[in-house]
Structures are given as structure tokens and as C-alpha cells.
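In: Provided below for reference: sequence and predicted model.
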Amino acid sequence: MKNGIGYHNVGDLFDSFMLVKAATKGVASNGKPFLTLVLSDTSGEIEAKLWDATPEDEELFHAEQLVKVMGEINQFRGRSQLKIHSIRQAQPTDGVQVADFIEKAPVDKEELMGRLTEIIFDMKNPNLQRIVRYFVKKYQDELGVYPAATKNHHEYVSGLLYHVVSMLNIAKELKNLYPEINKDLLYAGIILHDLGKMKELSGISAPTYTLEGKLLGHIPMMVEEIGRAAEELQIIGEEVTILQHMVLSHHGKAEWGSPKPPLVREAEILHLIDLIDAKMNMLNRTLAKVKPGEFTERMFAMDNRSFYKPTFDE
């Protein structure tokens, strides 16, 4: 979607349809209510303010609603923001549908599932392979469509599966460089590390955090699920404990959401691969929207840095 919001710059006028990903009520300093809308299409998303919002506006403009919006791109605290001039609900006669505004993984989900299946066949440890097969079968339908997050990285249809397969590809290359790596343990940790997102997030079109997601989080939920699966499969032993540790520690630090830091070699590698793939996904998608010789907008998830796109090729 080359005419999408992601390809508009500060000062541009924007006039098109968008999907409301989120709507939050607020009260301005003058006491008047307003709505903060997160609007998106397949090229990206942008925050917009609807000032002097009425109760009717609050009912009309909510998550998963398509809208026709016209406004101007401004900048606020280093990030683009849409100043709304006019906004209305999309009508059936407009000929637009939600699926047209949801970004999808760049690789078809059938191809991704095929690659995942190849990796599982390549595993030799029977206990780890059985546990992985159990979860891939249990979550097969959701795994093919769920995003990996609500924002920042792989936040699109099939994003979770694309993230997992990308990480597996990195892991395979690292196994060639460092033969000492326990391949099966690393593969199993990668495949399972984010499966709790399918309970943490509400869905695919405009995902929000579920009650379980807010109160528990995907890491503790998945660690508990692995324990229950091992009991059901009658698998006991060190593999189960270490696999749980892989999931428990994959964010790396307590302040990043991991109750334990990585204390096993493969857990440390899993954490690093997760970081690499998430950051590369954010950088590649953001840099694709600027011209050589320009800086990106500030990226909150990258320490609020703006990245420069060089003018020369390889």
C-alpha cells in the first residue's frame, strides 16, 4: 500500500480509509473530552487526536472499526501524529473491508508451516520433539494467523509464525558456526517461547491484551502449560525443566519481563536470537519507508533512536 500512512511525511495531507486499532478517552487541560485513536493500514500506523469528542464519537470510533479520515501529518515529540480535519465511519457502499487494512507476513502461512514441520522432523531428542509436536498440533489454527505482538515487531497476521521461523533460520546458521549448541533444545525453545501470546492477545485484527495477558503474561502461562503437557505425555526429566527455563528467561532480564535470567547456554542464545529478529523486523520495515539520505522517525522500542538510511549500496 504505497499510498498508505507509512509513506506519508510530516506536512502531508492524508485522505483515505483506515482501521481503528485502539481508542482511548482523555480529558484536555480545558476540561473537554478527546479521543486518542491509533489508526492503521497495511503500511503502518499513526496516532491521531479527535478533540472535543462527543459521547456519539466514543460509540462510533472504537477498535476494529473502519473509518474515512482526512487530516494533516504533524510531528509530536519526534513521532508523526495525524491532526484530524474530518472523520466518519466507513459505509458498505465504500467497498472496503477490515481484511484490506491488516498487514500480513511477507511469506505465506502454508510455506511457513512447511518450514516449521521440517525443523521438527530434524529434531532427534524424543521428549523435546513430542512436547513441541503436542503444542504445534494444539495451537495449529491460531499459530497460522496470530501476530507476535500488539506493536513494534511482527504485529501482523501470521507474525508469530513468521517470527518463529525466522528465529529457527538464525539458529540453524549458528549451529553451523558453534557445533556445541544443543540444536534440539534451542529449536524447541524457539518454537515454544512465544506461544503464550495466543492467550495473552485477544485476536488478529486489532489485538489487545486479555485479562490473563494483563495479570499473568505469556511467559508464566506458557511455562505452566509446558508442565501440564509433560504430565499428560508422561515425560519426566531434565529436558522439561530446562525447556521451561528457556521460555522463562527468553526476555533476558527481570525489567524486560523474565523472572529468571538465562542460565543455560541455549537460553542465552534464544534470548539473543529473539532480540536480533525483533530488532531487524522493526528496522527493515521502518527503513523501507524512508529514502536514502534520510532518517527514520524516532523508534520508541529502539531506545527512541532515529536511524539513518545510507545513500550507497553494498
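Out: Perfect, thanks for sending it.

In: can you show me the strands along the stretch 51-200 of the chain?
Out: Here the stretch 51-200 of the chain has its strands, by DSSP state E, counting those that start in this stretch, at 66-76, 79-89.

In: can you tell me which of those strands is nearest to residue 101?
Out: If you check each of the strands of the stretch 51-200 of the chain against residue 101 by Cβ to Cβ, strand 66-76 wins as the nearest, at 6.8 Å. Heads up, the C-betas are built off the backbone N, CA and C, glycines and all.

In: buried residues in the closest one?
Out: For strand 66-76, the neighbour count (16 or more other Cβ atoms under 10 Å) marks 66-69, 71, 73 as buried.

In: list the strands paired with it, with their directions.
Out: Strand 66-76 has its sheet partners listed here by DSSP bridges as strand 13-27 (antiparallel), strand 79-89 (antiparallel).

In: show me the contact partners of the longest one.
Out: Contacts of strand 13-27 from elsewhere in the structure, counted by Cβ atoms under 8 Å, 6 or more residues apart in numbering, are 3-5, 8, 33-41, 45, 53, 58, 61-73, 82, 90, 94, 96, 98, 101-102, 205-206, 208.

In: from those residues, list the buried ones, please.
Out: The neighbour count (16+ other Cβ under 10 Å) marks 4-5, 8, 33-35, 37-41, 45, 53, 61, 63, 65-69, 71, 73, 82, 90, 96, 101-102, 205-206 as buried among the contacts of strand 13-27.

In: so which of the residues you listed sit within helices?
Out: Secondary-structure check on these using DSSP state H: no residue lies within helices.

In: quick check: which ranges of the protein have low pLDDT?
Out: Along the chain, segments meeting pLDDT under 70 span 1-2, 150, 152, 205-206.

In: and the longest helix for it?
Out: Assigned via DSSP H, the chain shows its longest helix as helix 265-287.

In: what packs against that one?
Out: Secondary-structure packing of helix 265-287 (3 or more Cβ pairs under 8 Å, 6 or more residues apart in numbering; DSSP states H and E): helix 159-177, helix 183-192, helix 238-248.

In: looking at those helices, which is closest to residue 199?
Out: When the helices and strands packed on helix 265-287 are compared for distance to residue 199 using Cβ to Cβ, the nearest one is helix 159-177, at 12.1 Å.

In: so which of the strands of the stretch 51-200 of the chain gets nearest residue 111?
Out: strand 66-76 (29.2 Å).

In: identify all contacting residues around that closest one.
Out: Taking contacts as Cβ under 8 Å, 6+ apart, the residues outside strand 66-76 that touch it are 8-20, 39, 46, 48, 61, 80-90, 94, 96-98, 101, 297.

In: which of these are buried? Put it as a PyMOL command.
Out: Here is the PyMOL command that selects the buried residues among the contacts of strand 66-76 (16+ other Cβ under 10 Å):
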select buried, resi 8+14+16+17+18+19+20+39+46+48+61+80+81+82+84+87+90+96+101+297
